[in-house]
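# Predicted model, plus sequence, below.
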Amino acid sequence: MQPTPATSLVGQEYEVEVGPVAHGGHCVARTEGGRVLFVRHALPGERVVARVTEGEESSRFLRADAVEILTPSKDRVEAPCPFSGPGKCGGCDWQHAKPGAQRRLKGEVVAEQLKRLAGLTPEEAGWDGTVVPAEGDKVPAGQVPAWRTRVQYAIDAEGHAGLRKHRSHEVQVIDRCLIAAEGVSELGVEKRTWPQMASVEAIAASGSNDRQVILTPRPGGRLPLVDLDKPVSVLRVGEKDGQIHRVHGRAFVRERAADRTWRVSEGGFWQVHPKAADTLVQAVMQGLMPRKGDMALDLYCGVGLFAGALAERVGEKGAVLGIESGKRAVEDARHNLRDLDRVRIEEGKVDQVLPRTGITAADIIVLDPPRAGAGKQTVRHLASLTPRRIAYVACDPAALARDLKYFAEEGYRPVTLRAFDLFPMTHHVECVAILKPVAKGV
Ligand SMILES: C[S@@+](CC[C@H](N)C(=O)[O-])C[C@H]1O[C@@H](n2cnc3c(N)ncnc32)[C@H](O)[C@@H]1O
């Protein structure tokens with residue numbers, strides 16, 4: 001028998017009352033028939049016309065855009081960016097919300113994830129429920145902080161630069177990104193065409209005047225002559241090996257944080273918001289309270305940010321071990337911390353390298369995993385090292401909550417949790433949880 005073709009509901013419109021915010025930059029609503037909609041461009045409490053963008057008759061839930069606002073929330077503003085809105089750029093999620101409301105929505109998402117996945121109330125997680133703006137980002141409604149020091153532009157078939165539409169490969173051509181840092185805008189990527197390129201990443205270091213452009217050609221595409229006004233280093237992604245190669249200028253940018261200069265090479269991780277690195281180092285050190293002589297771990301250490309800050313505090317009698325899987329990031333970390341004998345950086349995946357190190361105890365641990373989180377096996381291993389305190393830096397509250405549950409099973413509970421709005425206008429939020437051991441079963 002032939003399977004019945006799925007009936008697409010794309011384009012179908014429903015008038016709905018918008019319910020609470022959900023993780024991912026949308027709100028939950030139900031149709032009269034009880035069908036669940038995840039609605040973008042809406043705010044809780046609004047009555048809107050939602051047009052389905054993804055989903056079929058048989059889908060568990062549908063995705064939709066609010067295309068008409070019948071009863072606006074008091075938190076609504078006109079989106080400052082002309083490229084934000086249904087069917088347009090997918091980069092920002094909350095352009096249509098006042099800055100304070102954006103932070104409240106993010107706080108509600110963190111609270112919901114903690115409750116659902118870790119069984120923790122904000123009080124139990126040691127969190128006051130607020131999401132704190134980065135220094136300098138408190139702007140009036142209708143204005144936008146220009147914070148993105150790294151922007152990956154997608155290039156359309158005609159060579160125009162833009163950003164991808166939400167959950168799509170289609171490119172929304174733009175002439176300016178409002179959240180791009182000044183240094184990125186000055187590179188003028190949107191002002192010229194990039195024939196034969198698939199993407200162009202623009203990086204403006206916040207700790208120096210270093211600027212970098214990383215070009216990814218289409219298959220068989222030839223590199224353009226890059227005649228940008230400023231001295232800019234140019235790298236390209238190799239078609240055959242996928243590796244980043246230097247075309248001209250430096251192969252790295254220099255960032256500044258925690259009173260040190262950091263070399264960040266070729267696609268290595270560095271926080272995108274210019275204040276993020278200092279904000280997070282401060283939160284981690286305040287929570288961990290390192291002591292002279294401590295043995296400390298910095299897991300998923302990137303170019304060595306927390307390892308460097310820890311090394312200053314544990315002093316000459318202490319030791320810091322960083323683990324990072326990116327080869328170039330490891331080279332950068334070793335270079336960045338070459339003046340500190342007490343720091344050792346190991347290359348490889350945390351779950352593979354850590355058991356091989358033979359370390360059986362650590363006094364304090366920082367972990368800053370990618371979006372997927374650390375996972376049960378790594379959490380177990382960390383708890384077995386019986387650290388006095390653990391600082392968990394998380395870019396995804398769902399992964400954080402899952403790992404907090406595993407930590408609780410191993411006898412570690414959060415004593416404080418702080419949340420920072422290091423990605424204004426988007427749904428992303430960064431958290432720092434400080435964990436301490438409690439007696440098992442308590
Ligand atoms: C969120 S970044 C944190 C980097 C650094 N702590 C910082 O703040 O700049 C996560 C880092 O983990 C690295 N990474 C991803 N998976 C890993 C794994 N399984 N083991 C070790 N490092 C990993 C990535 O290359 C990236 O540098």
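It's in.
# use CA for all of it now, contacts and neighbours both
Will do.
# Just give me the neighbour total for Gly55.
Counted with other C-alpha atoms under 10 Å, the neighbours of Gly55 add up to 20.
# And for Gln377?
Close neighbours of Gln377, defined as other C-alpha under 10 Å, add up to 10.
# Assign it to helix, strand or coil.
At Gln377, secondary structure determined by DSSP: H, G, I helix; E, B strand; the rest coil is helix.
# quick one: what helix or strand has the residue nearest to it when sequence neighbours are not counted in it?
Of all residues not flanking Gln377 in the chain, Asp351 sits nearest, at 7.4 Å (C-alpha to C-alpha, 6 or more residues apart in numbering). Using DSSP states H and E, Asp351 sits in helix 350-357.
# Strands along the stretch 301-442 of the chain, start to end?
Assigned strands in the stretch 301-442 of the chain, in chain order: 319-324, 343-347, 364-367, 389-394, 412-421, 430-437 (criterion: DSSP state E, counting those that start in this stretch).
# Select, out of the ones you listed, the one closest to the ligand.
For the ligand, the closest of those is strand 319-324, at 3.8 Å, according to C-alpha to the nearest ligand atom.
# what are the ranges of the strands in the stretch 1-150 of the chain?
Assigned by DSSP E, counting those that start in this stretch, the strands in the stretch 1-150 of the chain fall at 13-22, 26-30, 36-40, 47-54, 61-71, 131-133, 150-155.
# Put together CSV for the ones you listed, with mean pLDDT and distance to the ligand on each row.
What follows is these, written out as CSV (pLDDT from 0 to 100; distance: least, C-alpha to the nearest ligand atom, whole Å):
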stretch, mean pLDDT, distance to the ligand
strand 13-22, 98, 23
strand 26-30, 98, 24
strand 36-40, 98, 26
strand 47-54, 98, 30
strand 61-71, 98, 28
strand 131-133, 96, 18
strand 150-155, 97, 14
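# Buried residues in the helix or strand of the chain with the lowest mean pLDDT, which are they?
Using mean pLDDT, DSSP states H and E, strand 244-248 stands out as the lowest-scoring helix or strand of the chain, at a mean of 81. Applying a neighbour-count criterion of 16 or more other C-alpha atoms under 10 Å, one finds 244, 246-247 buried in strand 244-248.
# among those, which are within reach of the ligand?
Near the ligand, taking C-alpha under 6 Å from any ligand atom as the test, no member of those is found.
# between these, which is closest to Arg344?
Closest approach to Arg344 among those (C-alpha to C-alpha): Ile244, at 25.9 Å.
# which residues does the closest one form a beta bridge with?
Val237 (DSSP bridges).
# Which residue, other than its chain neighbours, is closest to the most centrally placed residue in the chain?
For the chain, the residue sitting closest to the mean C-alpha position, by C-alpha atoms, centre = their mean, is Cys395 at 5.0 Å. Leaving aside its chain neighbours, Cys395 sits nearest to Glu430 (4.6 Å; criterion: C-alpha to C-alpha, 6+ apart).
# How many residues are close by the residue nearest to Gln377?
Neighbour tally, Asp351, other C-alpha under 10 Å: 16.
# That one contacts Val379, correct?
No. Using C-alpha atoms under 8 Å, Asp351 is not in contact with Val379; the gap is 9.4 Å.
# List the residues that contact the residue lying closest to Glu13 once chain neighbours are set aside.
Spatial nearest neighbour of Glu13, chain neighbours left out: Arg51 (4.4 Å); criterion: C-alpha to C-alpha, 6+ apart. Residues near Arg51 by C-alpha atoms under 8 Å, 6 or more residues apart in numbering: 10-14, 64-67.
# Then Gly375?
Gly375 neighbours (C-alpha under 8 Å, 6+ apart): 402-403, 406.
# Output these in TSV, with pLDDT and distance to the ligand appended to each entry.
As requested, those are exported to TSV (pLDDT from 0 to 100; distance: C-alpha to the nearest ligand atom, whole Å):
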residue	pLDDT	distance to the ligand
Arg402	98	17
Asp403	98	15
Tyr406	98	17
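# Out of those, list just those in helices.
402-403, 406 (DSSP state H).
# just checking, what packs against the least confident helix or strand of the chain?
strand 233-237 (3 or more C-alpha pairs under 8 Å, 6 or more residues apart in numbering; DSSP states H and E).
# can you pull the contacts of the closest residue to Arg148 other than its chain neighbours?
Excluding its sequence neighbours, the residue lying closest to Arg148 (C-alpha to C-alpha, 6+ apart) is Ala180, at 4.4 Å. Contacts for Ala180 (C-alpha under 8 Å, 6+ apart) come out as 146-151.
# Next one: Ala180 from Lys275, what distance?
Ala180 sits 14 Å away from Lys275, taking C-alpha to C-alpha, to the nearest Å as the criterion.
# Up against the ligand, what does the protein have?
Residues of the chain lying close to the ligand (C-alpha under 6 Å from any ligand atom) are 269-271, 300-302, 305, 323-326, 348-350, 368-370.
# Of these, just the buried ones, ChimeraX syntax please.
To isolate the buried members of the residues of the chain next to the ligand in ChimeraX, using 16+ other C-alpha under 10 Å:
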select :270,300,301,302,305,323,324,325,326,348,350,368,369
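# In helices only, show me the residues of the chain next to the ligand.
Among the residues of the chain next to the ligand, DSSP H puts 305, 350 in helices.
# Average pLDDT for the longest helix along the chain, rounded please.
Under DSSP H, the helix in the chain containing the largest number of residues is helix 99-113. The average pLDDT within helix 99-113 is 97.
# send the alpha carbons of it over as CSV?
The C-alpha coordinates for helix 99-113 follow below in CSV (Å, rounded to 0.1, in the frame of the first residue of the first chain):
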residue,chain,number,x,y,z
PRO,A,99,15.1,45.1,26.5
GLY,A,100,13.9,44.5,30.1
ALA,A,101,11.2,42.2,28.7
GLN,A,102,13.7,40.2,26.7
ARG,A,103,15.7,39.6,29.9
ARG,A,104,12.5,38.6,31.8
LEU,A,105,11.6,36.1,29.0
LYS,A,106,15.1,34.6,29.1
GLY,A,107,14.8,34.3,32.9
GLU,A,108,11.5,32.5,32.5
VAL,A,109,13.1,30.0,30.1
VAL,A,110,16.0,29.4,32.5
ALA,A,111,13.5,28.8,35.3
GLU,A,112,11.4,26.5,33.3
GLN,A,113,14.4,24.4,32.1
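# number of nearby residues for Asp298?
Neighbours of Asp298 using other C-alpha under 10 Å come to 25.
# That one in helix, strand or coil?
Under three-state DSSP, Asp298 comes out as strand.
# Ala311 is in contact with that one, correct?
No. Counting by C-alpha under 8 Å, Asp298 does not reach Ala311; the two are 10.3 Å apart.
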